[in-house]
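Novice: this one's sequence-less:
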């Protein structure tokens, strides 16, 4: 596949949001005297993600930074799970859990392989630009460029987000490969004219989950980031 | 000095635009059968830079990407220096000379030192985001984040460019340090509320030039990027 740049989804594709967020919930919860099934709370938080982004993309809600949306979702969870002991400071602390997630073990070595190639690597995340910058730095994920849906004041899967990434990188959409573990992200990228690579992440929703099926029409399926790097650099 | 992030000017502060552009002019010129004092042509190109950016920032010209402005400046130079043998393809090739400059030898090791610290490093360049991404990758300059004045659809020294950088990085302006070899860049950054570091580059305009004097009120003067990194990480 002949492309000039690769854009990566971050939450789920490169980082294990579930363990990270559940651990932070458990830590802050314990300090506040709360007990709960914290991985289930993390899952419930994440399940509120796509519907609220869809409302923003659909115009039903004004654009606002992901941190603020994460806070609104958390406020709802507090009511649902009876976590009212979490005060304002604790909730802000928990929102920042999404800024310091651990990477899947293959992500850093795979990105180093790509960095050593002529391909330009970028994030293309719904996380804010500053948050993704800190997250990738702390997790040791090397990118040539950090891009965020914030730069289009929208969220994936809005086609404008994918087209903004191509425009800012100075490449045609068909020369930009979107890599993600989420079929909806890849389907939207393909509809915007990008090429797509699916990286299954069977552990995204925990040890009992399974990976999503590869979306129809995906250009490439790779088991992990080093496999993606090898597939792309073989053809250069 | 207590800051959270450091933003670097690129043309001049981290890279030797004069040697790189003069070499490309000489290479393309020779192919076209032209002879000229190529370093002088490179200097003349660069001298047209600030006036045209001032026109854009002042509203006298619509914003357009730096590549297009570089092309306009080059077209003027062609007339001034009788370089009409340079056709459209050669001029486009020369515009891209600004995308592949060599770094000053201290820049890469200094940026690695900063990358290893808790400080977030970013470019803050008038070069386009894609161009700066490729330039820093090729030159081996490691940044946590690439920022360009393009994201504010303006150019330094417009205060909006510096404030955009702070906003996107998620830091207050006074927690962001602007590092540059150009006093006007630092004076504008300081006026926007940023902290400033001056790195003299006596060779910017060639072996017979001297460094600019440090601007009044600068927060820090460092001989090179490693010295800046040591000064900043000592105080963390």
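Specialist: Happy to help now that I have it. None of the values given here were measured: they were computed from a predicted structure.
Novice: first to last residue in stretch A:112-122, what's the distance?
Specialist: With Cα to Cα, to the nearest Å as the measure, the ends of stretch A:112-122 fall 12 Å from one another.
Novice: what does it rub up against?
Specialist: A:3-8, A:111, A:142-147, A:165, A:169, A:171, A:225-226, A:228-230, A:232-233, A:236, B:130, B:133-134, B:137 (Cβ atoms under 8 Å, 6 or more residues apart in numbering or on different chains). Every residue, glycine included, has its C-beta placed from N, CA and C.
Novice: Just these: which are in helices?
Specialist: The helices, defined by DSSP state H, take in A:111, A:165, A:169, A:225-226, A:228-230, A:232-233, B:130, B:133-134, B:137 from these.
Novice: Can you select the buried ones among the contacts of stretch A:112-122 for me in PyMOL?
Specialist: The PyMOL selection below is limited to those of the contacts of stretch A:112-122 classed as buried (16 or more other Cβ atoms under 10 Å in any protein chain shown):
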select buried, (chain A and resi 3+4+5+6+7+8+111+142+143+144+145+146+147+165+169+171+225+226+228+229+232) or (chain B and resi 130+133+134+137)
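Novice: re the thing from before, flag the least confident of the ones in helices among the contacts of stretch A:112-122.
Specialist: Across the ones in helices among the contacts of stretch A:112-122, the bottom pLDDT score, 92, is held by residue A:233.
Novice: quick one, what contacts that one?
Specialist: Neighbours of residue A:233 in contact, by Cβ under 8 Å, 6+ apart: A:113, A:114, A:117, A:119.
Novice: Near the second one, how many other residues are there?
Specialist: So that's residue A:114. For residue A:114, the tally of surrounding residues (other Cβ atoms under 10 Å in any protein chain shown) stands at 25.
Novice: So for it, what pLDDT did the model give?
Specialist: So residue A:114 comes in at 97 (pLDDT).
Novice: What residues of the helix or strand harbouring it count as buried?
Specialist: Following DSSP states H and E, the helix or strand that holds residue A:114 is helix A:107-115. Neighbour-count burial for helix A:107-115, with 16+ other Cβ under 10 Å as criterion, is recorded at A:107, A:108, A:110, A:111, A:112, A:113, A:114, A:115.
Novice: Reformat these as CSV; add distance to residue B:157.
Specialist: Rendered in CSV, the data for those read as follows (distance: Cβ to Cβ, whole Å):
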residue, distance to residue B:157
A:107, 39
A:108, 38
A:110, 40
A:111, 35
A:112, 37
A:113, 39
A:114, 35
A:115, 32
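Novice: Closest one to residue A:204 out of those, please.
Specialist: For those, the residue nearest residue A:204 by Cβ to Cβ is residue A:107; the value is 13.0 Å.
Novice: Quick check on the spatially closest residue to that closest one that is not a sequence neighbour: phi, psi?
Specialist: Nearest residue to residue A:107, sequence neighbours excluded (Cβ to Cβ, 6 or more residues apart in numbering or on different chains): residue A:14, at 4.4 Å. In terms of degrees, to the nearest 10, the main-chain angles of residue A:14 are phi -110, psi -20.
Novice: Also residue A:32?
Specialist: phi -100, psi 0.
Novice: Not counting sequence-adjacent ones, nearest residue to it?
Specialist: residue A:85 (4.6 Å).
Novice: Spit out the contact partners of the one you found.
Specialist: A:32, A:33, A:34.
Novice: separation between the second one and residue B:116?
Specialist: This points to residue A:33. 39 Å (Cβ to Cβ, to the nearest Å).
Novice: So between those two, which is more surrounded?
Specialist: Counted by other Cβ under 10 Å, residue A:33 and residue B:116 do not tie: residue B:116 has more neighbours, with 11 against 7.
Novice: Return the member of the contacts of residue A:85 nearest to chain B.
Specialist: residue A:32 (25.7 Å; Cβ to the nearest Cβ).
Novice: which residues touch the closest one?
Specialist: A:85, A:86, A:87, A:90.
Novice: Unless I misread the structure, the second one falls within a helix.
Specialist: No: membership of residue A:86 in a helix is not supported by DSSP: H, G, I helix; E, B strand; the rest coil, which gives coil.
Novice: what pLDDT does it get?
Specialist: For residue A:86, pLDDT reads 97.
Novice: ok, it touching residue A:75?
Specialist: No: using Cβ atoms under 8 Å, residue A:86 is not in contact with residue A:75; the gap is 9.4 Å.
Novice: The two: who's more crowded?
Specialist: For residue A:86 versus residue A:75, the count of surrounding residues by other Cβ under 10 Å is larger for residue A:86: 21 against 13.
Novice: quick one: which of the buried residues of helix A:107-115 is nearest chain B?
Specialist: Taking Cβ to the nearest Cβ as the measure, chain B lies nearest residue A:115 of the buried residues of helix A:107-115, at 7.5 Å.
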